[in-house]
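Just a sequence and a predicted model for now, questions to come.
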Amino acid sequence: MTAPAPTRERTGAPPVERGRVVALVLHYERPRGALACVRSLLRSTHPSYEIAVLDNGSSATAVAELEAELAGHVGVTLVRVSPNRGYTGGVNAAFEHALTTRAEFAWLLADDTRVDAGTMAALVQALRAEPAAGIAAALTLYASPPDRVWFAGGYVERGRLGRARHHGLDEPDRGQFKAGPVDWANGSSLFVRAEVLRTIGGLDDAYFTYWEDADFCARAAEAGFATWFEPAARVWHDVTPDTDARLDRGRLYDGRNRMLWHARHRPGRLLPVLLWTLGAFPFYAAQGRAHEGWLQMRGVFAFLSGSKGRMR
């Protein structure tokens, strides 16, 4: 899908309430994680918000647990999507829901995150203070240990392999990060003006997984909406260690989607990045990482063949 879904006019929709936030917890088969995220959101000091848990085709058992625990919480809605739409499809369903609400801002959260009580207010204030910014990224720490940084804003390298990187990865949190513009916000906590969703749509299914958040932020930038990093906003992410199979999938999709991103957003860098990726194979092999290098090459070949979406 090259024209992502949630572009919607305000016709027939409720009027936007200034400062209101809809928090969107994307859930799949992790009800305890989603509920922990909801409980942390309910402690938010920001005065105007609502919460939607978007279930992306989970089992009846997982949904029943969510329903039982969420019952009675005012301002918390369970939205069900079935069958499972994949990650980008689930996110776009959440964004579609956001545009039916009165929210000025939508906050996408993974079901393995929890937030500080002041984070929502800090993100609203960040975009209030930066009218040219349409997206805000929080300081994201590992759930364990909780003082180690996982994400302090994202950037895309301008040399050689053109990789998407995390500022501050694995550093201890010493208060060393400053607010400022970044290339992209991570999808585990992506805070966005609803105006951005109406302007550019949601995530692009062409990526399926990996680079879809960097693409979203690049498209927003091209439409005039910068991405801003706010270190006063704190999120904790229960980062699951990668298995061999998951690492292999990541390397394959990275090889393809890195080319797709550069073709769209830095076309002048596409050929150097592509050639560097292919040329890196002997270096991978010399380090005993030939399999990793081959997966990256397969991704490049998939891009050259026109592959988009899920790879078989």
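It's in.

tell me the centre residue of the chain?
residue 187 (1.0 Å; C-alpha atoms, centre = their mean).

Excluding sequence neighbours, find me the nearest residue to it.
residue 213 (4.1 Å; C-beta to C-beta, 6 or more residues apart in numbering). Every residue, glycine included, has its C-beta placed from N, CA and C.

Can you say which helix or strand has that neighbour in it?
helix 212-222 (DSSP states H and E).

Tell me who's in contact with residue 29.
58-59, 62 (C-beta atoms under 8 Å, 6 or more residues apart in numbering).

Assign it to helix, strand or coil.
Put simply, residue 29 is coil when judged by DSSP: H, G, I helix; E, B strand; the rest coil.

In helices, which of the contacts of residue 29 fall?
residue 62 (DSSP state H).

Alpha carbons of the longest helix anywhere in the chain, in PDB - could you do that?
Assignment by DSSP H gives helix 244-265 as the longest helix of the chain. The C-alpha coordinates for helix 244-265 follow below in PDB (Å, rounded to 0.1, in the frame of the first residue of the first chain):
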ATOM      1  CA  ASP A 244      18.300 -16.200  16.000                       C
ATOM      2  CA  ALA A 245      15.200 -16.300  13.800                       C
ATOM      3  CA  ARG A 246      14.100 -12.800  14.800                       C
ATOM      4  CA  LEU A 247      17.600 -11.500  14.100                       C
ATOM      5  CA  ASP A 248      17.600 -13.100  10.700                       C
ATOM      6  CA  ARG A 249      14.200 -11.600   9.900                       C
ATOM      7  CA  GLY A 250      15.500  -8.200  11.000                       C
ATOM      8  CA  ARG A 251      18.600  -8.400   8.800                       C
ATOM      9  CA  LEU A 252      16.600  -9.400   5.800                       C
ATOM     10  CA  TYR A 253      14.000  -6.700   6.100                       C
ATOM     11  CA  ASP A 254      16.600  -4.100   7.000                       C
ATOM     12  CA  GLY A 255      18.500  -4.900   3.800                       C
ATOM     13  CA  ARG A 256      15.500  -4.300   1.700                       C
ATOM     14  CA  ASN A 257      13.800  -1.500   3.600                       C
ATOM     15  CA  ARG A 258      17.000   0.500   4.000                       C
ATOM     16  CA  MET A 259      17.100   0.700   0.200                       C
ATOM     17  CA  LEU A 260      13.400   1.500   0.000                       C
ATOM     18  CA  TRP A 261      13.800   4.400   2.500                       C
ATOM     19  CA  HIS A 262      16.800   5.800   0.700                       C
ATOM     20  CA  ALA A 263      15.100   5.500  -2.700                       C
ATOM     21  CA  ARG A 264      12.200   7.600  -1.300                       C
ATOM     22  CA  HIS A 265      13.800  10.100   1.000                       C
END
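
now the angle from that helix to helix 212-222?
Following axes from the mean of the first three to the mean of the last three C-alpha atoms, to 10 degrees, one obtains 20 degrees for the angle between helix 244-265 and helix 212-222.

What lies in contact with stretch 275-294?
Under C-beta under 8 Å, 6+ apart, the answer for stretch 275-294 is 160-162, 248, 251, 255, 258-259, 296-297, 300.

What I need now is those residues written out in a markdown table, including pLDDT and neighbour count for each item.
A markdown table is the format used below for the contacts of stretch 275-294 (pLDDT from 0 to 100; neighbours: other C-beta atoms under 10 Å):
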| residue | pLDDT | neighbour count |
| --- | --- | --- |
| 160 | 93 | 14 |
| 161 | 96 | 16 |
| 162 | 97 | 20 |
| 248 | 94 | 14 |
| 251 | 95 | 20 |
| 255 | 97 | 26 |
| 258 | 98 | 27 |
| 259 | 98 | 24 |
| 296 | 96 | 23 |
| 297 | 97 | 19 |
| 300 | 98 | 18 |
